[in-house]
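1. Sharing a model prediction with you, sequence too.
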Amino acid sequence: MKQSTYKLIETYMNDCMTDSAHDKEHVYRVLYNALVIADTEENVDYDILITACLLHDIGRKEQFENPNLNHAEVGARKAYQFLMEHHFSQEMAEQVRECIRCHRFRGNTPPQSIEAQILFDADKIDVAGAIGIARTLVYKGQVEEPLYSVRPDGSVSDGTDDAKPSFFQEYKYKLESLYEYFYTRKGAQIARERQQAAVAFYDNIFQEVSAAYTDGVDILRRQMEK
């Protein structure tokens, strides 16, 4: 890819990114991890891969403003339109669109091409480990969702089967199990290397808040009975 082409795509990406949890640095990390993965694969079209990585989250602003929208679908359409307006080939625009459309973890369209699979894995790597915990906490604060929910009996829920969104709920729904969903060997390897950091953080924070509620509630009850 020519430097001028990269700069054109990068500038458009930067103009679209406003979400602090899905900011331009997230995009760069996804791109760099994708290139590390691609280096272990064969027959990768780097122009498609780099373009798809740079543009994969350009629909985030629309989804943030309207949660009913799917940022992958919005971003795929925006990327296709941008590429066609700037005279990229229709074949490339279509392939980039498909990569972006199926990169979402919560999506039901599995990636088919090697470029789409690499993007999927690279994006999921940035939700793994310590960086995944940090980004999730930033996002939960941004949308004003709590760390955890309290059950009717006063105990802290670990997030399993919670209907109300929280950090613990997101960990149980997505972060805990995402290590099973990788398409490339290198992507799975990188994610597994990060897994223990996320597990340790969740276990520690759950133990800390649970202990506070358990011990503190008992003491409060005794004080109120005096």
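-> Nice, I can see it. Numbers count the residues shown, from 1 in each chain.
2. Quick check, central residue of this protein?
-> Central residue of the chain (CA atoms, centre = their mean): residue 127, 4.9 Å from the mean position.
3. for the chain, what are the low-confidence residue spans?
-> Low-confidence segments of the chain (pLDDT under 70): 19-21, 106-107, 226.
4. And the helices in it?
-> Taking DSSP state H, the helices of the chain run over residues 3-16, 24-38, 46-55, 60-65, 71-85, 90-101, 114-125, 129-142, 167-170, 185-225.
5. Would you mind giving those helices as TSV with distance to residue 151 and mean neighbour count added?
-> (Glycine included, C-beta is placed from N, CA and C.) Shown next, in TSV, are these (distance: least, CB to CB, whole Å; neighbours: other CB atoms under 10 Å):
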stretch	distance to residue 151	mean neighbour count
helix 3-16	40	14
helix 24-38	34	19
helix 46-55	41	24
helix 60-65	30	17
helix 71-85	32	20
helix 90-101	39	21
helix 114-125	31	25
helix 129-142	19	17
helix 167-170	12	22
helix 185-225	10	14
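6. How is this protein divided into domains?
-> Annotated domains of the chain cover 1-108, 127-226 [automatic domain parsing].
7. Of those, which is nearest residue 118?
-> Proximity to residue 118 (CB to CB) singles out domain 1-108 among the domains of the chain, at 5.0 Å.
8. sorry, back to before: with respect to residue 119, which of the domains of the chain lies nearest?
-> The closest of those to residue 119 is domain 1-108. By CB to CB, the value is 5.0 Å.
9. Span of the closest one from start to end?
-> Using CA to CA, to the nearest Å, the end-to-end distance of domain 1-108 comes out at 31 Å.
10. Apart from its chain neighbours, what residue comes closest to residue 206?
-> Nearest residue to residue 206 in three dimensions, chain neighbours excluded: residue 158, at 5.9 Å (CB to CB, 6 or more residues apart in numbering).
11. got the contact list for the residue nearest to the centre of the chain?
-> The neighbours of residue 127, taking CB atoms under 8 Å, 6 or more residues apart in numbering as the test, are 105, 135-136, 174-175, 178.
12. From residue 104, how far off is it?
-> 11 Å (CB to CB, to the nearest Å).
13. so how far is residue 209 from the spatially closest residue to residue 10 that is not a sequence neighbour?
-> Leaving aside its chain neighbours, residue 10 sits nearest to residue 54 (6.0 Å; criterion: CB to CB, 6+ apart). Going from residue 54 to residue 209 by CB to CB gives 39 Å.
14. And for residue 31?
-> 36 Å.
15. quick one on the thing from earlier: contacting residues around the residue nearest to residue 206?
-> Going by CB under 8 Å, 6+ apart, residue 158 touches 168, 172, 206.
16. Equivalent analysis for residue 90, please.
-> Residues in contact with residue 90 (CB under 8 Å, 6+ apart) are residue 84.
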